[in-house]
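Novice: Build me a model:
(chains A and B)
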Amino acid sequence: MSIKENIRQGTLPEKPISVSEYISVLNEILVRIRVKLVGEVSGMKIASSGHVYFSLKDEKTGDVINCALWNSVYRMCGVKLEEGMQVIISGSADIYGVRGSLTFKVKTIEPVGEGALRKAYEELKAKLTKEGLFDPERKRTLPAYPRKIGVITSKKGAAIHDFVNNLGKFGCKVYLCDSRVEGQEAVKDLLLSLKVMKEKDLDVLAILRGGGSLESLIAFDNEMLVREIKNFPVPVVAGIGHHEDITLVALAADVSESTPTAAANKLSKGFQEAKEIVFSSEREIIGSYKENIHQKKEVLYEQTESVKGFFREIIERYKGSEEEIKRVVSFASYLIREKERRMMNSFKEIIQELKNSLRYYTTRIENLENSILLNNPERQLKKGYAIMQKEGKVVKSINDLREEEVVETIHFDGRAESQIKKIKKNKKYE
Amino acid sequence: MSKEDNLTKNLEKLSAIARWFEEKEEVDVEEGLQKVKEAAEIIKKSKKRLKEIENEFEEVKKELGENEEE
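Specialist: Below is the predicted model of the structure:
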């Protein structure tokens, strides 16, 4: 059975063990007993290495316990220890084998009481202010449109949810580094988180936590943390709730807001403004476009009216010309018809003349023919008439004849000689 | 157109023959007959000529003034 099994069973080991072995066993047990102790600092010594050694004395009993505060821890805690100071320390004890003495290894240390904390806060604030860490001119401007945002806070707290919910949907990438944010123990986590975040490609870093007492927010009044934030490669936004005064981390940050929600709004402000600009520009562009279209329409309308007027005028002119042409054509047609009519009239006159002329000739010839036929001696002779001649002359009167005279009568088909036997005067056609 | 076909001349000739008969107190039968024969010949030619003229006239009317006749 090993010594550890003896210890667990509460039995005495059969064989003795070395002192060193015993101390080692004790230390294994002691290291697991982590506690917070409250007491008064006494017999404080700071070694050349920077480590701090002191005794923590129980005020009531006067009991003491030796404490060792390593330089790195002391610096990290940001507390300036003084003799007689009431402090709370956390850590665990072990036995220093060489001396056989028990030493409490301090992991965190913080002053006890509001007054002490306030005093420490004021002193540190004054010191850092003097150094110019909070100077406004040292504040860096936040990027207008941060896309890669590092966030240091507790993933279990409400802060991260408030922050993300209020960041808006602008396509930002949030890298969360989970860290304790409560009490002095948070300092170490916060410093480690800053170290991690330094390695990341970020546009901005946000450190978040809700409000609380000076004691609960003690980590955010830590000098080392303030310096780290001041030296952080990209701008830092603090979304840390207040105690009575603003925390030193918030003072050191480039932008400080009192809540995670406000910090988120600050980071998304550029996007929100851009969105508003886009919306207003859109309205302006559409408005001016509409106005432009309206103006163009007006111009087009005017031009259309002008063209219409122009064509109306042309059409009116054309109509006028058309009427004129019609009049001219009509007049020309009238002239032609008139010419034709006159020509036809002349023609008719000529025809009539010719007709008259023909009729004249015909009548005239007929008349002459009748006249000549009437005078044709043969015609009379054929009717039975005869021409009496005496001595070669036509006998026209009975007085030209004497009884017993020989006369010659001409007939249509011959001649005859006759002798007048008796003359009967004034006896016609008896 | 021959001289014989000239209507005006023929008319003059016929008129002359007609006058001859009217003015002659005593018509010589032989001469009168001769005149009548001459006149008959002239009349015959003249009628023929008149007919020709009339036909030509109708042709011209048809060509130029058919519509006018309507």
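Novice: anything in the helix or strand containing A:Ser288 near chain B?
Specialist: Using DSSP states H and E, the element containing A:Ser288 is helix A:260-375. Yes - residues of helix A:260-375 contacting chain B under CB under 8 Å from any CB of the partner chain: A:344, A:347-348, A:351, A:354-355, A:358, A:361-362, A:364-365, A:368-369, A:371-373, A:375. Backbone N, C-alpha and C define where each C-beta goes, glycine included.
Novice: among these, which ones are buried?
Specialist: Listed as buried from these are A:344, A:347, A:351, A:354, A:361-362, A:364-365, A:368-369, A:371-372, A:375; burial here means 16 or more other CB atoms under 10 Å in any protein chain shown.
Novice: Just send these back as a markdown table, with pLDDT too.
Specialist: Formatted as a markdown table, those follow (pLDDT from 0 to 100):
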| residue | pLDDT |
| --- | --- |
| A:Met344 | 79 |
| A:Phe347 | 77 |
| A:Ile351 | 80 |
| A:Leu354 | 80 |
| A:Tyr361 | 83 |
| A:Thr362 | 86 |
| A:Arg364 | 84 |
| A:Ile365 | 85 |
| A:Leu368 | 85 |
| A:Glu369 | 85 |
| A:Ser371 | 82 |
| A:Ile372 | 83 |
| A:Asn375 | 78 |
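Novice: Would you check which pair of these lies furthest apart?
Specialist: Pairwise distances among those were taken by CB to CB; the largest, 45.3 Å, belongs to A:Met344 and A:Asn375.
Novice: A:Ser258 against A:Gly241, yeah?
Specialist: Yes - counting by CB atoms under 8 Å, A:Ser258 touches A:Gly241, with 6.3 Å between them.
Novice: So between these two, which is more surrounded?
Specialist: A:Gly241 (20 against 16; other CB atoms under 10 Å in any protein chain shown).
Novice: show me what contacts the residue nearest to the more buried one when sequence neighbours are not counted?
Specialist: Spatial nearest neighbour of A:Gly241, excluding adjacent residues (CB to CB, 6 or more residues apart in numbering or on different chains): A:Gly211 at 2.5 Å. Counting by CB atoms under 8 Å, 6 or more residues apart in numbering or on different chains, A:Gly211 touches A:217, A:241-243, A:258-259.
Novice: Angles on the backbone of the closest residue to A:Val52 other than its chain neighbours, please.
Specialist: Spatial nearest neighbour of A:Val52, chain neighbours left out: A:Leu69 (4.0 Å); criterion: CB to CB, 6+ apart. Main-chain torsions, A:Leu69, degrees, to the nearest 10: phi -120, psi 110.
Novice: check contacts around the residue nearest the centre of chain B.
Specialist: Compute the mean C-alpha point of chain B, and by CA atoms, centre = their mean the closest residue is B:Ser46, 3.0 Å away. Counting by CB under 8 Å, 6+ apart, B:Ser46 makes contact with A:361, A:365, B:7, B:10-11, B:14.
Novice: do you know how far A:Trp70 is from A:Ser306?
Specialist: Distance of A:Trp70 to A:Ser306, given as CB to CB, to the nearest Å: 95 Å.
Novice: These two: which has the busier surroundings?
Specialist: Taking other CB under 10 Å, A:Trp70 and A:Ser306 do not tie; A:Trp70 has more neighbours (15 against 10).
Novice: A:Ile89 contacts A:Phe54, doesn't it?
Specialist: No - taking contacts as CB under 8 Å, A:Ile89 lies outside contact range of A:Phe54: 9.6 Å.
Novice: Between those two, which contacts overlap?
Specialist: Common neighbours of A:Ile89 and A:Phe54, using CB under 8 Å, 6+ apart, are A:67, A:69.
Novice: which stretches of the chain form strands?
Specialist: This is for chain A. A:35-46, A:52-57, A:64-69, A:86-96, A:101-111, A:148-153, A:173-178, A:204-209, A:236-240, A:255-257, A:387-390, A:393-394, A:406-411, A:414-419 (DSSP state E).
Novice: Of those, which shows the lowest average pLDDT?
Specialist: If you rank the strands of chain A by mean pLDDT, strand A:393-394 sits at the bottom with a mean of 82.
Novice: Mind checking if that one is in reach of chain B?
Specialist: Yes - Strand A:393-394 is in contact with chain B by CB under 8 Å from any CB, via A:393-394.
Novice: List the contacts of that strand.
Specialist: Residues contacting strand A:393-394 (CB under 8 Å, 6+ apart): A:387-388, B:26.
Novice: Can I have the buried ones of the residues you listed as a PyMOL selection?
Specialist: The PyMOL command for the buried members of those (criterion: 16+ other CB under 10 Å) is given here:
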select buried, chain A and resi 387+388
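Novice: Export the contacts of strand A:393-394 as JSON lines, with columns for distance to A:Pro143.
Specialist: Shown next, in JSON lines, are these (distance: CB to CB, whole Å):
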{"residue": "A:Ile387", "distance to A:Pro143": "167"}
{"residue": "A:Met388", "distance to A:Pro143": "172"}
{"residue": "B:Glu26", "distance to A:Pro143": "165"}
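Novice: Report the contact partners of the nearest residue to A:Ala219 once chain neighbours are set aside.
Specialist: Nearest non-adjacent residue to A:Ala219, counting by CB to CB, 6+ apart: A:Ala186, 3.8 Å away. The neighbours of A:Ala186, taking CB under 8 Å, 6+ apart as the test, are A:179-180, A:219.
Novice: For A:Glu298, see how far away A:Ala186 is.
Specialist: 70 Å.
Novice: Please list the residues of chain A that sit near chain B.
Specialist: Counting by CB under 8 Å from any CB, chain A comes close to chain B at A:344, A:347-348, A:351, A:354-355, A:358, A:361-362, A:364-365, A:368-369, A:371-373, A:375-378, A:381, A:387, A:393-394, A:396, A:410.
Novice: Neighbours of the residue of chain B found nearest chain A, how many?
Specialist: Nearest to chain A in chain B, going by CB to the nearest CB, is B:Phe21, at a distance of 3.5 Å. Other residues near B:Phe21 come to 18 when the count uses other CB under 10 Å.
Novice: Touching, A:Gly113 and A:Gln86? I think so.
Specialist: Yes - taking contacts as CB under 8 Å, A:Gly113 lies within contact range of A:Gln86: 6.4 Å.
Novice: Mind checking which of those two has more residues around it?
Specialist: Between A:Gly113 and A:Gln86, counted using other CB under 10 Å, the more crowded position is A:Gln86 (15 against 12).
Novice: who's that one bridged to?
Specialist: Counting by DSSP bridges, A:Gln86 is bridged to A:Glu40.
Novice: ok, it touching A:Val38?
Specialist: Yes - under the criterion of CB under 8 Å, A:Gln86 makes contact with A:Val38 at 7.2 Å.
Novice: ok, so what distance separates A:Gly210 from chain B?
Specialist: Distance, A:Gly210 to chain B, by CB to the nearest CB, to the nearest Å: 123 Å.
Novice: One more: A:Lys169?
Specialist: 100 Å.
Novice: what's around that residue, how many residues?
Specialist: A:Lys169 has 7 nearby residues by other CB under 10 Å.
Novice: where does A:Lys15 fall, phi/psi-wise?
Specialist: phi -100, psi 150.
Novice: And for the residue nearest to A:Asn27 when sequence neighbours are not counted, the neighbour number?
Specialist: Among residues not flanking A:Asn27 along the chain, A:Asp94 sits closest, at 4.5 Å (CB to CB, 6+ apart). Residues near A:Asp94, counting by other CB under 10 Å, number 19.
Novice: A:Asp94 and chain B: what is the separation?
Specialist: With CB to the nearest CB as the criterion, A:Asp94 and chain B are 152 Å apart.
Novice: Show the average pLDDT along the longest helix anywhere in chain B.
Specialist: With DSSP state H setting the assignment, residue counts place helix B:29-69 as the longest helix in chain B. For helix B:29-69, the mean pLDDT works out to 80.
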